[in-house]
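Chemist: I'd like to go over a predicted model; first the sequence, then the structure.
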Amino acid sequence: MNKTLCAMLVAGLTASLPARADDAGSTVEKCAKKLGVLAVAEPQTGWNYLSQYGLGSPAALLRMMIQQSGCFDVVERGQAMQNIQQERSLAAAGEMRQESNVGKGQMQAADFVMTPNVQIGASNTGGLGGFLGGKLGVIGALAGGLKFKEASTSLLLADVRSSIQVAGAEGKASKTDFSIGGWGFGGGAVGGMGGYTSTPEGKLIAASFLDNYNKIVLAIRDQDSLIRASSAAGDANAAGSTQAAAPIPAGQMLAAKISNVKAYAGPSRDSKVVATLNRSDELVATGEVKDGFVKVDAANFSGWVQRTLVAPIGR
């Protein structure tokens with residue numbers, strides 16, 4: 001192949017790769033209003049499997065995305081928290097000036113926690129660099145030679161108070177989803193993100209997280225509130241279930257806590273009333289407990305009374 005043709009191929013391929021990155025999308029979806037305060041969970045067991053690619057926790061990267069989207073206020077719960085605690089400890093020890101106004105009860109609570117996860121595809125020994133090696137080795141050097149084929153990420157968003165998951169999504173990026181000249185997200189605003197903006201592998205994972213976070217934003221930004229105080233399905237199931245209770249020994253003497261307690265033919269208030277009890281009536285537990293009722297024997301009847309309305313005699 002002559003030098004002119006080789007140069008034309010190199011120029012053509014170099015021009016086409018960033019275009020594919022643009023097609024994949026490199027901007028953060030925005031929200032018109034803040035939906036609450038968000039903390040990005042730092043990994044509990046570390047991201048050691050990413051260290052071989054010169055990458056650490058992506059929490060800082062995600063916090064930058066979240067801030068640029070305008071969907072949440074972000075609270076620091078990562079490594080910088082150690083520095084914050086140090087400053088607060090100095091204040092508590094009286095080392096700060098009195099007008100510094102640093103004390104208890106000032107930290108903002110998070111409404112939601114976002115938990116990230118990363119999975120990388122099978123090893124691609126050739127990578128983009130290997131595929132374009134040989135006569136077109138210049139392209140391989142530009143692309144950096146990816147060590148894996150694709151990256152998949154997941155983000156879960158949970159309500160802190162109820163622990164109910166309010167959103168979840170997955171993101172994916174293939175080896176063409178990053179810009180050779182630098183990841184397109186935010187330009188110089190992510191200059192401090194380390195390997196996630198300076199290595200092919202980091203850009204690949206960053207592109208996957210961008211796709212992932214944008215899916216979360218599209219799912220939540222038109223909701224009036226993300227707070228999930230309870231689950232309607234969970235409440236319905238709880239109401240339809242029987243709460244476990246300690247057994248009442250057979251022969252235990254019981255008495256009504258108040259007057260006019262009803263005794264029923266069965267363990268339900270829909271059953272026939274067989275007696276109305278006074279506080280002076282003595283009852284003997286049979287040992288049977290069902291659906292919040294206890295079966296009792298008395299001098300002139302046998303029936304079921306609500307367990308919450310009777311108590312052992314002498315207590």
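Modeler: Structure received.
Chemist: drop to CA atoms for contacts and neighbour counts, all remaining ones
Modeler: Noted.
Chemist: quick one: secondary structure of the residue lying closest to R221 once chain neighbours are set aside?
Modeler: Sequence neighbours aside, C31 is the residue nearest to R221 in space, at 5.7 Å (criterion: CA to CA, 6 or more residues apart in numbering). Counting by DSSP: H, G, I helix; E, B strand; the rest coil, the backbone at C31 sits in coil.
Chemist: So C31 versus I216, what's the distance?
Modeler: Taking CA to CA, to the nearest Å as the measure, C31 falls 11 Å from I216.
Chemist: When those two are compared, which one has more neighbours?
Modeler: For C31 versus I216, neighbours defined as other CA atoms under 10 Å are more numerous around I216 (22 against 17).
Chemist: what helices or strands is the helix or strand that contains V166 leaning on?
Modeler: Using DSSP states H and E, V166 falls within strand 165-174. On a contact count with 3 or more CA pairs under 8 Å, 6 or more residues apart in numbering; DSSP states H and E, strand 165-174 meets strand 150-159, helix 200-220.
Chemist: now the angle from the last one to strand 165-174?
Modeler: Angle of helix 200-220 versus strand 165-174, following axes from the mean of the first three to the mean of the last three CA atoms, to 10 degrees, is 140 degrees.
Chemist: Give me the distance between helix 200-220 and the centre of its chain.
Modeler: Taking CA atoms, centre = their mean, to the nearest Å, one finds the center of helix 200-220 at 16 Å from the center of the full chain.
Chemist: With the shortest one instead?
Modeler: Taking CA atoms, centre = their mean, the mean C-alpha location of strand 150-159 is offset from the chain mean by 8 Å.
Chemist: Paired strands for that strand, with orientation please.
Modeler: When sheet partners are counted by DSSP bridges, strand 150-159 sits next to strand 112-120 (antiparallel), strand 165-174 (antiparallel).
Chemist: residues making contact with it?
Modeler: Residues outside strand 150-159 that contact it (CA atoms under 8 Å, 6 or more residues apart in numbering): 111-122, 164-175, 204-205, 208-209, 212-213, 216, 226-228.
Chemist: okay, the strand holding V166 in PDB with CA atoms only?
Modeler: The C-alpha trace of strand 165-174 is given here as PDB (Å, rounded to 0.1, in the frame of the first residue of the first chain):
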ATOM      1  CA  GLN A 165     -36.200   1.200  45.600                       C
ATOM      2  CA  VAL A 166     -37.600   4.100  43.500                       C
ATOM      3  CA  ALA A 167     -35.600   3.700  40.300                       C
ATOM      4  CA  GLY A 168     -33.100   1.300  38.700                       C
ATOM      5  CA  ALA A 169     -31.500   1.100  35.300                       C
ATOM      6  CA  GLU A 170     -28.700  -0.500  33.400                       C
ATOM      7  CA  GLY A 171     -26.200   1.100  31.000                       C
ATOM      8  CA  LYS A 172     -24.000  -0.300  28.300                       C
ATOM      9  CA  ALA A 173     -21.100   0.900  26.100                       C
ATOM     10  CA  SER A 174     -19.100  -0.800  23.400                       C
END
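Chemist: That one: how far from the chain's middle?
Modeler: 11 Å.
Chemist: which residues touch that strand?
Modeler: 149-159, 204-205, 207-213, 215-216, 219-220, 226-228.
Chemist: what comes up buried for stretch 214-227?
Modeler: Buried residues in stretch 214-227, counting neighbours by 16 or more other CA atoms under 10 Å, are found at N214, K215, I216, V217, I220, R221, L226, I227.
Chemist: out of those residues, who's nearest V294?
Modeler: Of all the buried residues of stretch 214-227, I227 has the smallest distance to V294: 39.7 Å, by CA to CA.
Chemist: quick one: the spatially closest residue to the closest one that is not a sequence neighbour from A238, how far?
Modeler: Counting by CA to CA, 6+ apart, I227 lies nearest to D159, which is 6.4 Å off, once chain neighbours are set aside. In this view, D159 and A238 are 20 Å apart by CA to CA.
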